[in-house]
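1. Build me a model from this:
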Amino acid sequence: MRERPALGVDTEVGTLRAVLLHRPGDELRRLTPRNNDQLLFDGLPWVDRAQDEHDAFADLLRDHGVEVLLLADLLTETLTTSGAARMQGIAAAVDPRKLGHALAEDLAAHLRGVPAVELSSILTAGMTFDELPIGTGAATPSLVRLMHHGADFVIDPLPNLLFTRDSSFWVGGRVAITSLALPARVREASLTDLIYAHHPRFRGTRRAYESHTAPVEGGDVLLLAPGVIAVGVGERTTPAGAEALARSVFEDELAHTVLAVPIEQSRASMHLDTVLTMVDSDTAVMYPVVRDTLSAYTIRYDDGLVAIGGPEPFLEAAASAMGIDKLKVIDTGLDHVVAEREQWDDGNNTLALTPGVVVAYERNVETNARMEASDIEVLRIAGSELGSGRGGPRCMACPLARDPLT
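-> Below you'll find the model as predicted:
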């Protein structure tokens, strides 16, 4: 039996040993033309094909020696063994402000008695009023139940669970549980939280950062080098969130420099990793439109004091913090139309398996060709359906263990 890797991550590119994924499931089947915008999808994915694409992604990782942990499996195992986790998951999902106290109490009582595998499915895929168990609310009349349409959600589905990078990330040997900005995603962090808190695999894991107020999302957090973290500030992560994260990792001695990087507040660039990812220890793939305009505020910690400087050009600030002469950049095409199309299709959102070897969507032909011309090995995966939620290989993977760079 192969020994499990020690949990911990201090760069974007150290050899990947273990990763958390979520195989898309029934939560994607809840998407309709009526709700897909609210649930942050640009279209209605063909779910069976999305599952095939995700299975191929997971198999590629396994073929390269990566241990793949699936969120749904971990959730079911946790709910099976931990009553506290069951209570935590139900409390996060059943909202009295939405359902009223009568219906919320009846539903919570019902959920406490369902098998773990069924509860896991409900917590991820949601529940409609039509699916409420017979008798729920009968003992205590519920105006909410009477006035809602049967297809309305009692518990909202979580189709964006696919993007496991956002609700947690690792800094050194600790895990950070994030605060997600948009209502459709807020509850995702409660599921990752209860898994890390109660699953035996993570017993003894310490927390790096927990925020219940200022939003920080994992897609905005890049570990540029040991002790150096870049945090995008835009649509999903706020300045207050970036500052809170910086102070937390400083206090825990997990970093000495945090770069707060303003990004456009738009759907196309919702996270920093939609315009920039590391492909080697000193090389990034980057959307050319932002190469010369991206800036950074440098937050440093020295002798117990926090100092903030800048803004200055991101590439200069990053190289200085990383202790290198220059951060090399692979532009994703000089043709503005092609570059914009491939950025939209997550051409910049790569997942490094080891320095100089990355996973990328096959559809981004120009971006992949330019990486290969710069001696980066590109492992291509299909993503025609997976990409409908606007996320690439990095978004879909939360690294749990990477080797330190030598």
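
2. CA-only coordinates of stretch 188-199 in CSV, if you can.
-> Output in CSV follows, covering the C-alpha atoms of stretch 188-199 (Å, rounded to 0.1, in the frame of the first residue of the first chain):
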residue,chain,number,x,y,z
GLU,A,188,-20.0,25.6,-0.3
ALA,A,189,-17.5,26.6,2.4
SER,A,190,-19.7,25.0,5.1
LEU,A,191,-19.2,21.6,3.4
THR,A,192,-15.5,21.9,3.0
ASP,A,193,-15.3,23.1,6.6
LEU,A,194,-17.1,20.1,8.0
ILE,A,195,-15.0,17.7,6.0
TYR,A,196,-11.7,19.3,7.2
ALA,A,197,-13.1,19.4,10.8
HIS,A,198,-14.5,15.9,11.0
HIS,A,199,-13.1,13.5,8.4
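
3. and it, how far from the chain's centre?
-> The chain centroid and the centroid of stretch 188-199 are separated by 14 Å under CA atoms, centre = their mean, to the nearest Å.

4. Give me the residues contacting it.
-> 71, 74-75, 77-78, 81-82, 84-85, 88-89, 92-93, 123-124, 158, 160-161, 164, 166-168, 175, 177-180, 202, 205, 207 (CB atoms under 8 Å, 6 or more residues apart in numbering). (Each C-beta comes from the backbone N, C-alpha and C, glycine too.)

5. Please repeat the previous calculation with a cut-off of 7 Å.
-> For stretch 188-199, the surrounding residues in contact (CB atoms under 7 Å, 6 or more residues apart in numbering) are 74-75, 77-78, 82, 84-85, 88-89, 92, 123, 158, 160-161, 167-168, 175, 177-180, 202, 205.

6. are any of those buried, and which?
-> 74-75, 77-78, 82, 85, 88-89, 92, 123, 158, 160-161, 167-168, 175, 177-180, 202, 205 (16 or more other CB atoms under 10 Å).

7. Out of those, which sit inside strands?
-> Among the buried ones among the contacts of stretch 188-199, the ones falling in strands (DSSP state E) are 168, 175, 177.

8. contacting residues for the second one?
-> With CB under 7 Å, 6+ apart as the criterion, the residues that contact Val175 are 168, 196, 205, 207-208.

9. All the helices of the protein, in order from the start?
-> Taking DSSP state H as the test, the helices found in the chain are 26-29, 47-63, 71-81, 83-93, 96-99, 101-111, 116-125, 143-147, 188-198, 239-251, 288-291, 314-322, 336-344, 365-373.
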